[in-house]
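Colleague: compute the structure for the input listed below.
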Amino acid sequence: ANVPFFSISGSDFVEMFVGVGASRVRDLFEQGKKNAPCIIFIDEIDAVGRHRGAGLGGGHDEREQTLNALLVEMDGFESNEGVILIAATNRPDVLDPALLRPGRFDRRVVVARPDVKGREEILRVHTRKVPLSDDVDLSIIARGTPGFSGADLANLVNEAALWAARQNRKFVAMDDFEMSKDKVLMGVERKSMILSDEEKRNTAYHEAGHALVAAMTPGADPVHKVTIIPRGMALGLTMQLPEADKHTYTKEFLEGMLAVLMGGRSAEEIFLGHITTGAGNDIERATDIARNMVCEWGMSDLGPLAFGKKEEAIFLGREIAQHRDFSEDTALQIDREVKRIVNNGYEAAKNLLSTHKETLDNIAQALLIREVLDANEVKLLMEGKPLPEKPRTPPTPPPTAAAPATDPKVVRPEMRPAPGFTRGDSPAKA
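Modeller: From the prediction side, this is the model:
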C-alpha cells in the first residue's frame, strides 16, 4: 500500500504502573494521525480487549482503563483521516462486545486452516528454494496432510530436506516427504527404548487390532501406517489419514471411531488372554467422544438435548466449572448412555476381530518381523497375499538405554471443529 505501518502487541500496553497502558494507546493513535494515511496493527488484542467486569481488580482495573482508552480513540477517528486499524487474536470469544460493534472492529476475517488447494500453494512457496526430485507430487502431499497449518507444512518441508541431506542426496524425493510426515504426525522414532519380547508382542497385537478394525469399518478413515517402533510417548502407533478435509462428523463415523479405539483392547483380550494399560489413552478418548455425543451433539437415546453449560472465566481464559442444569436422575441416564455407547463400540470391535482371527494374527506377526506396515501391506495381509520379501525398514538396532514405557495410542491428525462448534466441541478433544 506504500503507507506507514505501525505494529504493536497487545501485551505491550500492559505495565505494572497505573495509567501507562492508556498513555501508550493515546501515543500510538497520535503517531497514526500524524503519519496518515497509515495502517495500525495490534497483535494479540485479547491481552487488553477482554470482556470488562471479569477481572480480579474491580472497576478500576488497569487493563480495563487501557481498553477504555482504546475505545475512545477508535471513536475519535474520522472516516477521512486515512488511518486503518487492524487487530489479530486467537480468542475472539473473550473480546469485549463494545470492541466489536459497528464503527470499531466491525469486519471480521476468519483465517482457518488451509484446504487442500491452499496446502498445495503453501507447499509450492516453501519448496521454491528446495531441489526436488522428479517423483515429488505436491498435490499428493497436500491431499495427505489434512488439518496441517502453514507452519506445519513449512516444518514438513524442512524435515524432508534435512532427511535427504543426512542421506547425502542432492534432491529431496517423495520418500523423504513420507518420512518427514511420519515424524511430524507420529513423533520421533525411539529405537533405543528397551522392550521385552512380551511387550513387543502385546504392542503388535494391540496395534493390529486397531488397524484391522479401522480397515474393515465402513466409513472409517483409511489406515496410513502401523508401527510398533516407539515414537514420541507411545510404544506403538496406528495412524489414519482422512481422504478429504472433514468439517462435520456423522453419528456412524463417530461410532466407527469408537470401534477403532476399542480395537486394541479387544485384540488383547481375545489373543493374549489378558489386558494391559496400553489401552488407557484409547479408553479416555472413547469416553470423551461418547460423552460429547450424549451431552453436546444429541446423538443418544436421550434425544437432541444439551446437558451442562460451560462456565468460563473470561479473565482467566479457560473453563473453570460446568454448571449442572439437570437432575440427579438425568445424570444417571447420561452415565448409562455413555456406558452403552462405549460398550457398543467395544462389542463391535470384539465381534469383528473374533470373525477375522487369522487375519489379525497375520498382521501382528508381520509387525513383529517388519516393525512398520503401510496401507498397501495391510491390504495384502487382509487379502491373504504374501508380502514382498525385502523389508521396507531396516531392523531395529540393539537398545543402548532404558526409557519408561507408555501407552500405545491410535493417532489421527487434528480434526477441525464443525461450523458453530468451538475447539472444545470438536471430536479432536476426545
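Colleague: gap between residue 368 and residue 374?
Modeller: Residue 368 sits 16 Å away from residue 374, taking C-beta to C-beta, to the nearest Å as the criterion. Just so you know, the C-beta spots here come from the backbone N, C-alpha and C atoms, and that holds for glycine as well.
Colleague: for residue 86, that is, sorry about that
Modeller: Taking C-beta to C-beta, one finds residue 86 at 45 Å from residue 374.
Colleague: cool, and residue 231?
Modeller: 15 Å.
Colleague: which one of these two is surrounded by more residues?
Modeller: Neighbours per residue (other C-beta atoms under 10 Å) separate residue 231 from residue 374, with residue 231 holding more: 23 against 17.
Colleague: name the nearest residue to the more buried one, ignoring sequence neighbours.
Modeller: Among residues not flanking residue 231 along the chain, residue 187 sits closest, at 4.1 Å (C-beta to C-beta, 6 or more residues apart in numbering).
Colleague: dump stretch 113-130 to CSV, restricted to CA.
Modeller: Only the C-alpha atoms of stretch 113-130 are listed here, as CSV (Å, rounded to 0.1, in the frame of the first residue of the first chain):
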residue,chain,number,x,y,z
ARG,A,113,-6.5,-23.9,8.4
PRO,A,114,-5.9,-24.2,4.6
ASP,A,115,-7.8,-26.6,2.5
VAL,A,116,-6.2,-29.0,0.0
LYS,A,117,-5.7,-26.3,-2.6
GLY,A,118,-4.3,-23.9,-0.1
ARG,A,119,-1.9,-26.5,1.3
GLU,A,120,-0.6,-27.2,-2.2
GLU,A,121,0.1,-23.5,-2.8
ILE,A,122,1.8,-23.2,0.6
LEU,A,123,4.0,-26.2,-0.3
ARG,A,124,4.9,-24.5,-3.6
VAL,A,125,6.1,-21.4,-1.6
HIS,A,126,8.2,-23.4,0.9
THR,A,127,9.7,-25.7,-1.8
ARG,A,128,10.7,-22.9,-4.1
LYS,A,129,14.3,-23.0,-3.0
VAL,A,130,14.4,-26.7,-2.3
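Colleague: okay, buried residues for it please.
Modeller: Neighbour counts using 16 or more other C-beta atoms under 10 Å place 114, 119, 120, 122, 123, 126, 127 of stretch 113-130 among the buried residues.
Colleague: just those: which are in helices?
Modeller: Using DSSP state H, the members of the buried residues of stretch 113-130 that fall in helices are 119, 120, 122, 123, 126.
Colleague: now do the contacts for the closest residue in space to the fourth one that isn't next to it in sequence.
Modeller: Excluding its sequence neighbours, the residue lying closest to residue 123 (C-beta to C-beta, 6+ apart) is residue 138, at 4.6 Å. The contact partners of residue 138, by C-beta atoms under 8 Å, 6 or more residues apart in numbering, come to 120, 123, 124, 127.
Colleague: the residue nearest to residue 231: neighbour count?
Modeller: Counted with other C-beta under 10 Å, residue 187 comes out at 15.
Colleague: mind listing what it touches?
Modeller: Contacts of residue 187 by C-beta under 8 Å, 6+ apart are 231, 232, 233, 234.
Colleague: now, of those residues, which are buried?
Modeller: 231, 234.
Colleague: break down the stretch 101-250 of the chain into its strands, ranges please.
Modeller: Under the criterion DSSP state E, counting those that start in this stretch, strands of the stretch 101-250 of the chain are mapped to 223-227, 237-240.
Colleague: run a quick check on residue 304 versus residue 298, I expect a contact.
Modeller: Yes - if you go by C-beta atoms under 8 Å, residue 304 and residue 298 touch, sitting 3.5 Å apart.
Colleague: neighbour-wise, which of the two wins?
Modeller: residue 298 (14 against 8).
Colleague: and that one, helix, strand or coil?
Modeller: Using DSSP: H, G, I helix; E, B strand; the rest coil as the criterion, the local structure at residue 298 reads coil.
Colleague: my read: it touches residue 337, true?
Modeller: No - Residue 298 is beyond contact range of residue 337, at 11.1 Å (criterion: C-beta under 8 Å).
Colleague: in this protein, where is pLDDT below threshold?
Modeller: 15-18, 53-62, 77-80, 309-324, 390-430 (pLDDT under 70).
Colleague: break it down into its domains, please.
Modeller: In terms of domains, the chain is parsed into 5-100, 116-186, 197-429 (source: automatic domain parsing).
Colleague: start to end distance for the second one?
Modeller: The first residue of domain 116-186 is 21 Å away from its last residue (C-alpha to C-alpha, to the nearest Å).
Colleague: next one: that domain to chain centre, how far?
Modeller: Mean-position distance between domain 116-186 and its chain equals 19 Å (C-alpha atoms, centre = their mean, to the nearest Å).
Colleague: helices of the stretch 301-430 of the chain, residue ranges please.
Modeller: 328-355, 357-370, 375-382 (DSSP state H, counting those that start in this stretch).
Colleague: tabulate those (a markdown table), appending mean neighbour count and distance to residue 3.
Modeller: Listed next are these as a markdown table, based on neighbours: other C-beta atoms under 10 Å; distance: least, C-beta to C-beta, whole Å:
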| stretch | mean neighbour count | distance to residue 3 |
| --- | --- | --- |
| helix 328-355 | 16 | 57 |
| helix 357-370 | 19 | 60 |
| helix 375-382 | 18 | 52 |
